[in-house]
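1. just the structure for this:
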Amino acid sequence: MTEDTGLEYAPKGLIGVLTPQANTTVEPEYAIWMPSGFSWINARMTSNKAEIADRLVDYTDALDDHMKQFANAPVQSVAFGTTGASYLIGHEREDQMIAEFQDRYGIPLVMAATAICSALALLGARRIGLVSPYPPGLTEKSIEYWQSRGLEVVTVSSAWDDQGAFHPIYALTGAPVSAALEPLLSRDDLDAILLLGTGMPTVRPIQAARDKTATPIISCMLALVWASVAAIDPAHDTATALKSWLAGDHWRAD
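-> Numbers count the residues shown, from 1 in each chain. The predicted model follows:
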């Protein structure tokens, strides 16, 4: 049980969320998945790099600059709202980044990728299927990352669709995500299904698939919200609590 923070809109805890500059998904999905009593404030990570991979790495290099946007707001955990950066910098640098952040700020840094790993560990899941919104090169980097964390990637289904929209991932709707998810629902060789990327919309696809499989379906955003709350309140950091999150007990819309 957490102590009352004294904040009107965040009596149980306040989270600082770092969102990539053009991402249109992180904030709406935080609003859907955030449990009562917790709240968040958002800061945009910006980069002038032309290529997506360069921007993702740039976000990690400029972490302290992004943190300045929170000033002295009493955030109790910080959520890093992109998974692609973790794939590119690798798990060793990621672990170092998390440890250094804790030393500097005295609060936990929750990466979307490590949030997934924490969720899978609680579920005892190792064999995973991926739904990827990424171009092939970044999908391969993703696979390498998950394998470096001791997971077995059994299958990958692509939702990538570069149709010239303002951003090929952020412009996705739920329909193509559900279509990419569908082939994984009937498989019996998966411990969990991961919907990758914090920019791909995942609420409706998860809801639509809820009665079609007994395999846990986890998105990077659902894991990130859960882990950033669990970093403040350990009552959420249990397999029972996580399964309640996955079932939608506090967020599911009819």
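
2. break this structure into its domains for me.
-> Domain assignment for the chain by automatic domain parsing gives 13-112+221-247, 116-220.

3. so which of the ones you listed is nearest residue 5?
-> domain 13-112+221-247 (6.4 Å; C-beta to C-beta). The way it works is simple: take the backbone N, C-alpha and C, and place the C-beta from them, glycine included.

4. quick one: average pLDDT of that closest one?
-> Domain 13-112+221-247 shows a mean pLDDT of 96.

5. measure that domain end to end?
-> End-to-end distance for domain 13-112+221-247, by C-alpha to C-alpha, to the nearest Å: 23 Å.

6. quick one on the thing from earlier: okay, the domains of the chain in JSON lines with distance to residue 6 and mean neighbour count next?
-> Putting the domains of the chain into JSON lines (distance: least, C-beta to C-beta, whole Å; neighbours: other C-beta atoms under 10 Å) gives the following:
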{"stretch": "domain 13-112+221-247", "distance to residue 6": "9", "mean neighbour count": "18"}
{"stretch": "domain 116-220", "distance to residue 6": "29", "mean neighbour count": "18"}
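
7. distance to residue 4 added to those, as CSV?
-> CSV is the format used below for these (distance: least, C-beta to C-beta, whole Å):
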stretch, distance to residue 4
domain 13-112+221-247, 9
domain 116-220, 26
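
8. residue 7 is nearest to which of the ones you listed?
-> Among these, the nearest to residue 7 by C-beta to C-beta is domain 13-112+221-247 (5.9 Å).

9. next SSE downstream of the lengthiest helix in the chain?
-> The longest helix of the chain (DSSP state H) is helix 84-105. Sequence order places strand 109-111 as the next helix or strand after helix 84-105, per DSSP states H and E.

10. do a quick rundown of the strands in the stretch 51-200 of the chain.
-> Taking DSSP state E, counting those that start in this stretch as the test, the strands found in the stretch 51-200 of the chain are 77-80, 109-111, 127-132, 152-158, 192-195.

11. and the helices in the stretch 101-250 of the chain, which stretches?
-> With DSSP state H, counting those that start in this stretch as the criterion, the stretch 101-250 of the chain has helices at 112-123, 136-148, 174-185, 203-209, 220-230, 239-247.

12. the inter-axis angle of the first one versus helix 136-148?
-> Between helix 112-123 and helix 136-148, the angle comes out at 40 degrees (axes from the mean of the first three to the mean of the last three C-alpha atoms, to 10 degrees).

13. is residue 39 in contact with residue 9, as I believe?
-> Yes: the criterion here is C-beta atoms under 8 Å, and residue 39 meets it with residue 9 at 4.8 Å.

14. which residues of the stretch 151-254 of the chain score low on pLDDT?
-> Applying pLDDT under 70 to the stretch 151-254 of the chain flags residues 160, 162-171, 253-254.

15. repeat the analysis, applying 80 as the threshold.
-> Along the stretch 151-254 of the chain, the model assigns pLDDT under 80 to residues 160-174, 252-254.

16. ok, back up a step: got CSV for the helices of the stretch 101-250 of the chain, with distance to residue 64 too?
-> Shown next, in CSV, are the helices of the stretch 101-250 of the chain (distance: least, C-beta to C-beta, whole Å):
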stretch, distance to residue 64
helix 112-123, 19
helix 136-148, 24
helix 174-185, 34
helix 203-209, 32
helix 220-230, 19
helix 239-247, 31
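
17. closest to residue 105 out of these?
-> That would be, of the helices of the stretch 101-250 of the chain and by C-beta to C-beta, helix 220-230, which comes in at 14.2 Å.
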